[in-house]
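*Asks:* From the sequence below, what's the structure:
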Amino acid sequence: MTKEERYQALLPQAEALCEGETDMIAKMANISALLHREMGFWWTGFYRVVPHPQPLSFQERGAVRAVSPSLERRGGQGGEAELVLGPFQGPVACTRIAYGRGVCGTAWKERRTIVVPDVEQFPGHIACSSESRSEIVVPVFEGEEVIAVLDIDSRDLATFDDTDRLWLEKIAACLPG
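*Replies:* Numbering: from 1, shown residues only. Model (predicted):
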């Protein structure tokens with residue numbers, strides 16, 4: 001079975017896993033497990049766009065307030081949010097990634113899928129593991145806003161191409177809603 005045929009078979013499964021489910025974490029968990037098992041990737045998972053907690057003022061100390069109302073909007077503004085590790089399959093991973101940093105932060109900032117044939121050649125690559133050789137990162141949109149990224153790593157060089165980009169973008173589109 002070709003890569004294209006495997007993705008064609010996976011898309012309806014991904015859609016079925018997301019249909020009717022309202023919890024984003026549950027959907028991310030099932031999609032990462034599905035892709036990891038069926039495609040045999042080395043690391044498959046999500047990073048969620050999460051607002052930075054704003055330090056409390058003197059008057060607010062002791063109050064139970066984790067996020068300033070002005071920061072409730074996820075994503076879009078560097079410095080107001082970061083990528084935080086979500087559901088994944090594979091070895092341990094980096095926990096937090098800044099806006100515009102590494103492949104994940106760059107895909108978030110540029111609002112586009114990034115395919116990296118050799119991670120050693122990507123400026124500012126974050127080496128969570130020295131075993132990762134190639135990577136693809138797909139932004140997950142809710143409306144116009146990036147709410148997460150799907151990050152997939154391979155132990156082999158040049159694993160990902162336009163076929164992966166096309167189908168992973170379709171699968172990522174199943175998540176919101």
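
*Asks:* for the chain, which residue is closest to the average position?
*Replies:* By C-alpha atoms, centre = their mean, the chain has its centre lying nearest to residue 149, at 2.2 Å.

*Asks:* what's that residue in contact with, if anything?
*Replies:* Counting by C-beta atoms under 8 Å, 6 or more residues apart in numbering, residue 149 touches 46, 47, 83, 104, 107, 108, 137, 138, 139, 140. Where C-beta positions appear, they are placed from N, C-alpha and C, glycine not excepted.

*Asks:* Give me the pLDDT value at it.
*Replies:* Residue 149 is assigned a pLDDT of 98 by the prediction.

*Asks:* Would you map the strands across the chain?
*Replies:* Taking DSSP state E as the criterion, the chain carries its strands at 43-51, 81-89, 96-98, 114-116, 134-142, 145-154.

*Asks:* quick one: low-confidence ranges for this protein?
*Replies:* Scanning the chain for pLDDT under 70 picks out the ranges 54-79.

*Asks:* Distance-wise, check the closest residue in space to residue 156 that isn't next to it in sequence relative to residue 152.
*Replies:* Sequence neighbours aside, residue 133 is the residue nearest to residue 156 in space, at 5.7 Å (criterion: C-beta to C-beta, 6 or more residues apart in numbering). Here the distance between residue 133 and residue 152 works out to 12 Å (C-beta to C-beta, to the nearest Å).

*Asks:* Between these two, which is the more surrounded one?
*Replies:* When residue 133 and residue 152 are compared for neighbours, residue 152 comes out ahead with 26 against 19, by other C-beta atoms under 10 Å.

*Asks:* Could I get the contacting residues of that one?
*Replies:* Contacts of residue 152 (C-beta under 8 Å, 6+ apart): 35, 41, 43, 44, 45, 135, 136, 137, 160, 164, 168.

*Asks:* redo that, cut-off 6 Å
*Replies:* 41, 44, 136 (C-beta atoms under 6 Å, 6 or more residues apart in numbering).

*Asks:* Show me what it bridges to in the sheet.
*Replies:* Following DSSP bridges, residue 152 is listed with bridge partners residue 44, residue 136.

*Asks:* separation between it and residue 95?
*Replies:* 18 Å.

*Asks:* same check, this time on residue 119
*Replies:* According to C-beta to C-beta, residue 119 and residue 95 sit 19 Å apart.

*Asks:* Looking at those two, which is more packed in?
*Replies:* Per other C-beta under 10 Å, whichever of residue 119 and residue 95 has more neighbours is residue 119, with 20 against 11.

*Asks:* Spatially nearest residue to the more buried one, not counting backbone neighbours?
*Replies:* With C-beta to C-beta, 6+ apart, the residue lying closest to residue 119 is residue 125, at 4.8 Å.
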